[in-house]
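Visitor: no letters, just coordinates:
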């Protein structure tokens, strides 16, 4: 009896082993036929984004990675003044008129504008400058203002002041340091960097700005934005005349600073290239 049971048990093991071998063989055949194409891998450098819906327009509210694709603002429907009310502006003299002309909801007493006491904010020394914190009038570093206010969106409009005193490397270093200091102080703040508005073709100011210098600087800002994963807005073109200079209807008499119409035009551009902030 025991001999018969042993034979049955050995046959069972043999069948089991045969089934396993067949399964392995089938696996090899399937693997060779369906070779892996790599389509399922997501690159570690791929932008991480959340798609949001704005009426008919899909807008990418994106957290970019350093060295990734340039983040730009696609055209949207007019988001209205309610959208502008959610923005904070860091300005040099080229755009500080957004406060001084009273173009925001708070008028000339708005809390939305960060600027120096003189309005000038040279790019080469921007990390050494203090801005007037609008809620209490104190002079504080830009990074400290970001740490305190933690603005949902900070629109940076700097680069024209002191442009003739810097080369490409120092411009990019200063601009990059500015972005990184703001991010360290307020990681959740979305940063939009605006292109610099140009000057008239025959501009003869003491700072010796030219349309070519402005164009080069805008390329540098674009590079900095791409390298740091922040938004680049071509807002400067909204007041251009198509030749690289600013339309005279948007300029003050000094030939480089935007008048109220010019600043309103830039605000309109931002309204029509809006992020969906909920």
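Guide: Right, received. Where do you want to start? This one's a predicted model, so the numbers in the text were calculated from it and none came from an experiment.

Visitor: how many neighbouring residues does the residue nearest to residue 113 when sequence neighbours are not counted have?
Guide: Take residue 113 and drop its neighbours on the chain: the residue closest to it by C-beta to C-beta, 6 or more residues apart in numbering is residue 99, 4.0 Å away. (Each C-beta comes from the backbone N, C-alpha and C, glycine too.) Residue 99 has 24 neighbours, counted by other C-beta atoms under 10 Å.

Visitor: residue 99 belongs to a strand?
Guide: No. Going by DSSP: H, G, I helix; E, B strand; the rest coil, the assignment for residue 99 is helix, not a strand.

Visitor: report the contact partners of it.
Guide: 89, 91, 108, 110, 112, 113, 115 (C-beta atoms under 8 Å, 6 or more residues apart in numbering).

Visitor: same deal with residue 106?
Guide: So residue 106 contacts residue 112 (C-beta under 8 Å, 6+ apart).

Visitor: tell me the phi and psi of the residue positioned nearest the centre of the chain?
Guide: In the chain, the centroid-proximal residue (C-alpha atoms, centre = their mean) is residue 231; its distance is 1.8 Å. For residue 231, the backbone dihedrals (degrees, to the nearest 10) come out as phi -80, psi 140.

Visitor: again, but for residue 255
Guide: phi 90, psi 0.

Visitor: that one and residue 211, how far apart?
Guide: Per C-beta to C-beta, to the nearest Å, residue 255 is found 11 Å from residue 211.

Visitor: mutual contacts of the two, please.
Guide: residue 199.

Visitor: for the stretch 51-200 of the chain, what spans make up the strands?
Guide: With strands called from DSSP state E, counting those that start in this stretch, the stretch 51-200 of the chain shows them at 57-63, 71-72, 87-91, 113-114, 130-133, 138-141, 153-157, 190-194.

Visitor: want to throw the ones you listed into JSON lines with mean pLDDT, mean neighbour count and distance to residue 215?
Guide: Shown next, in JSON lines, are the strands of the stretch 51-200 of the chain (pLDDT from 0 to 100; neighbours: other C-beta atoms under 10 Å; distance: least, C-beta to C-beta, whole Å):
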{"stretch": "strand 57-63", "mean pLDDT": "48", "mean neighbour count": "16", "distance to residue 215": "26"}
{"stretch": "strand 71-72", "mean pLDDT": "98", "mean neighbour count": "19", "distance to residue 215": "17"}
{"stretch": "strand 87-91", "mean pLDDT": "98", "mean neighbour count": "24", "distance to residue 215": "21"}
{"stretch": "strand 113-114", "mean pLDDT": "98", "mean neighbour count": "24", "distance to residue 215": "26"}
{"stretch": "strand 130-133", "mean pLDDT": "98", "mean neighbour count": "18", "distance to residue 215": "27"}
{"stretch": "strand 138-141", "mean pLDDT": "98", "mean neighbour count": "14", "distance to residue 215": "30"}
{"stretch": "strand 153-157", "mean pLDDT": "98", "mean neighbour count": "25", "distance to residue 215": "17"}
{"stretch": "strand 190-194", "mean pLDDT": "98", "mean neighbour count": "24", "distance to residue 215": "15"}
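
Visitor: would a markdown table of those strands with distance to residue 80 be doable?
Guide: Compiled in a markdown table, the strands of the stretch 51-200 of the chain are given as follows (distance: least, C-beta to C-beta, whole Å):
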| stretch | distance to residue 80 |
| --- | --- |
| strand 57-63 | 14 |
| strand 71-72 | 21 |
| strand 87-91 | 12 |
| strand 113-114 | 19 |
| strand 130-133 | 27 |
| strand 138-141 | 31 |
| strand 153-157 | 15 |
| strand 190-194 | 17 |
